[in-house]
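**Q** coords please:
(one chain, ligands or ions: 1)
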Amino acid sequence: MTIHHVTSSRFKEQSHAALADAVLQGNLTRMRGNFLPRRAKVRDGLPEFDDLRDAGIAIKKHTIAHLDLYLEAFEAAVAATGGTVHWAADAGEARAITLSICQELGARTVTKGKTMVGEEIGINPYLEAHGITPVETDLGEYIIQLADQPPSHIIAPAIHLNRAQVGQIFADHHPHLKGRVMEDVDEMLDDARGVLRQRFLDADVGITGANFLIAETGQTVIVTNEGNGDLTQLLPKAHIVLAGIEKVVPTLEDATTILRVLARSATGQEMSAYTTFSAGAARPGDPDGPGAFHVVLIDNGRSALLGGETEDILRCIRCGSCLNACPVYGKVGGHAYGSNYSGPMGAILTPALAGMAEAHHLPNASSLCGRCEEVCPMRIPIPKMLRHFREEEMKMGLAPAAARRGLKLWAKLASRPALWRRATSLVTSVLGAMGRRRGRFSALPLSGAWTATRDLPAPQGKSFQSQWARRS
Ligand code: SF4
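**A** Predicted coordinates for the structure are as follows:
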C-alpha cells in the first residue's frame, strides 16, 4: 500500500516555503473567505441538516461494518448490468488493471474526470510511461496538469493559483494563444472548453472516480459542476471507474441521503450542477454510452484500517470541509502536506495509507482546535485520531529526540502534583522576575520555535495553581 509521490517527510521545509510565498498566502486568504460562509448559509437553510448528517453517519457505519457483503453485492449488480468489477489489492494492481483495459482497446488517449484515488495510485504518470496520454477534464485538474503540479485541495485542486497565474499557464501551453495572457475568467473558461471539446471527441477511454458505489443497483455516482464527467464517460469505447472500497453504500436512497449533505459541505451548494449515475455499458438502442464499463475496486491499505483506531476515516466523503476550516491548512496550503490528501483528513489518511515513517509529521500539523470534526458532515473524530498517531510517533521513536526528552520530563513532573506545583511556581517566579521590565521575551532557551516569529509573554503574577489554592 502506498500513495504515489508522497513528500510528507519534508512537511516542515515545505510549510516554511509556503509561508514565505506571498502570492500563495494571498490566494489562501481568498480561499478561506469563500468556502466556509457559503457552507454556513446553506446549512442554516436546511433545518434537517443535522438529522441528514446522523442518517449519513449511520449508513456509512453500517456499510463499513459489513463491507465485504456490500462489495460482493455491488460486484454482482455490476455484472448484471453488463459491467465488470476488478479487485485491486494495491496501487500497483490498480494501475496494471487500468493499463491492460486501455491496451486491449488500443487506446492512445484517455480523458479523466477528477479522481483523488487516481492521484493516489499515480495513474497519469503510469499511463504516460506506457505511451497513453491522459487528459484531465475537470478545469482545476486540467490547469494543474498543464502546470505539472499536484492538486492542493481534494475538491478544488488549483485553489492555490490565482487568475493571473492561470492566465499565464494557458498562455504557456495553448499554442493558439501565441503567448497572449488572458485576464478575463470567462474568456479562460471558453478557451479551456474549446481545447477540451476536441480531447473528449478524440479519447479512446474515459476514467472517472466515484463518490458512491451503489450495492443494490451496481451504479457508480459522481458529482461535478462542469459536466466534464459525463462527456468523459459517455463518448469513449470504455468507461473505467477507479474507486476506493469504502465508497460503497447499500441502496440508491442511501446515496441520495448522503448527497444532500455532500454538496452543502463541499461547495456550499444545495446540490452540485451534475449528479451522474452510471450503470453498465451502452445497450443496443441506447443513444449514447460507453462501449464497456469497468470498475476497479481499490483497497491499497483501506481494509487494514477496519477495526483499528483509524477506521472512522473510511466514512470520509471527500467533501473538503475540514481543509477549509483548518487554520493550519489555511496558512500552509495543500502542497506542504506532500500528499494528494491534505489538511486534517490528509493528516489521517496519508500516514494510514503511506505509513508513519513517511508521514509522521502530518498529525502534528494541528492545534487540535477541533474545527475539523465540528464541520465534518460525517463527524469523523479527527483530533482523536491525530492524538493516536502522535502516540504512535512517540512509540516508534520517530519524534525528535528533544521532543521525546521534553515529554518524558513533563510526564514525570505532571504525575507528581507536589513536584509539579513547586516546579511551575519556581519557573513562574523566575520568568516573571526576568521579564518584569519588558513584559515579554524575544529570545529564551528552549523556546526558539516560538520566539522565531513572535514574542513570548512573561508570566504576570502567580501561577494558576497557586491562585486556585489560595481561593479554595
Ligand atoms: S474528513 Fe469529513 S470534513 Fe474532511 S473531507 Fe472527509 S468528510 Fe469532509
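**Q** tally of neighbours for the closest residue to Ser272 other than its chain neighbours?
**A** Spatial nearest neighbour of Ser272, chain neighbours left out: Val223 (3.9 Å); criterion: CB to CB, 6 or more residues apart in numbering. C-beta here means a position set from N, CA and C on the backbone, and glycine is covered the same way. By other CB atoms under 10 Å, 20 other residues sit near Val223.
**Q** any idea what Val223 is bridged to?
**A** Thr275 (DSSP bridges).
**Q** from what I can see it touches Arg260, true?
**A** No: Val223 lies out of contact with Arg260 (CB atoms under 8 Å); the separation is 11.4 Å.
**Q** mind listing the shared neighbours of the two?
**A** Here Val223 and Arg260 have no joint contacts, going by CB atoms under 8 Å, 6 or more residues apart in numbering.
**Q** and Leu196, how many neighbours does it have?
**A** Leu196 has 21 nearby residues by other CB under 10 Å.
**Q** typed the wrong thing, it's Leu362
**A** For Leu362, using other CB under 10 Å, the count is 30.
**Q** what's the answer for Glu141, then?
**A** Neighbours of Glu141 (other CB under 10 Å): 22.
**Q** the closest residue to Glu358 other than its chain neighbours and Ile382: what is the separation?
**A** Ranked by CB to CB, 6+ apart and with sequence neighbours excluded, the top spatial neighbour of Glu358 is Val6, at 5.3 Å. If you measure Val6 against Ile382 using CB to CB, to the nearest Å, the figure is 19 Å.
**Q** about what we covered before: checking the residue nearest to Glu358 next. Helix, strand or coil?
**A** coil (DSSP: H, G, I helix; E, B strand; the rest coil).
**Q** looking at this, Asp186 is in a helix?
**A** Yes: under three-state DSSP, Asp186 sits within a helix.
**Q** roughly how far does it sit from Asn228?
**A** Taken as CB to CB, the span from Asp186 to Asn228 is 17 Å.
**Q** looking at those two, which is more packed in?
**A** Ranked by neighbour count (other CB under 10 Å), Asp186 and Asn228 place Asn228 first, with 26 against 8.
**Q** ok, the more buried one - contacts?
**A** Per CB under 8 Å, 6+ apart, neighbours of Asn228: Gly113, Thr137, Asp138, Leu139, Leu196.
**Q** hmm, try it at 6 Å
**A** Gly113, Thr137, Asp138 (CB atoms under 6 Å, 6 or more residues apart in numbering).
**Q** where does the stretch 1-150 of the chain dip in pLDDT?
**A** 1 (pLDDT under 70).
**Q** now for the residue nearest to Glu358, how many residues are close by?
**A** Counted with other CB under 10 Å, Val6 comes out at 21.
**Q** quick check: phi and psi on it?
**A** Here is the backbone geometry of Val6 (degrees, to the nearest 10): phi -90, psi 130.
**Q** between the contacts of Asn228, which is nearest the ligand?
**A** For the contacts of Asn228, the minimum distance to the ligand (CB to the nearest ligand atom) is 17.1 Å, reached by Asp138.
**Q** run through the bridge partners of the closest residue to Asp202 other than its chain neighbours.
**A** Nearest in space to Asp202, with sequence neighbours left out and distances taken as CB to CB, 6+ apart, is Thr109 at 5.5 Å. Beta bridges link Thr109 to Thr133, judged by DSSP bridges.
**Q** which non-adjacent residue is nearest the one residue sitting closest to the centre of the chain?
**A** The residue lying closest to the centre of the chain (CA atoms, centre = their mean) is Tyr341, at 3.6 Å. Nearest residue to Tyr341 in three dimensions, chain neighbours excluded: Leu349, at 4.4 Å (CB to CB, 6+ apart).
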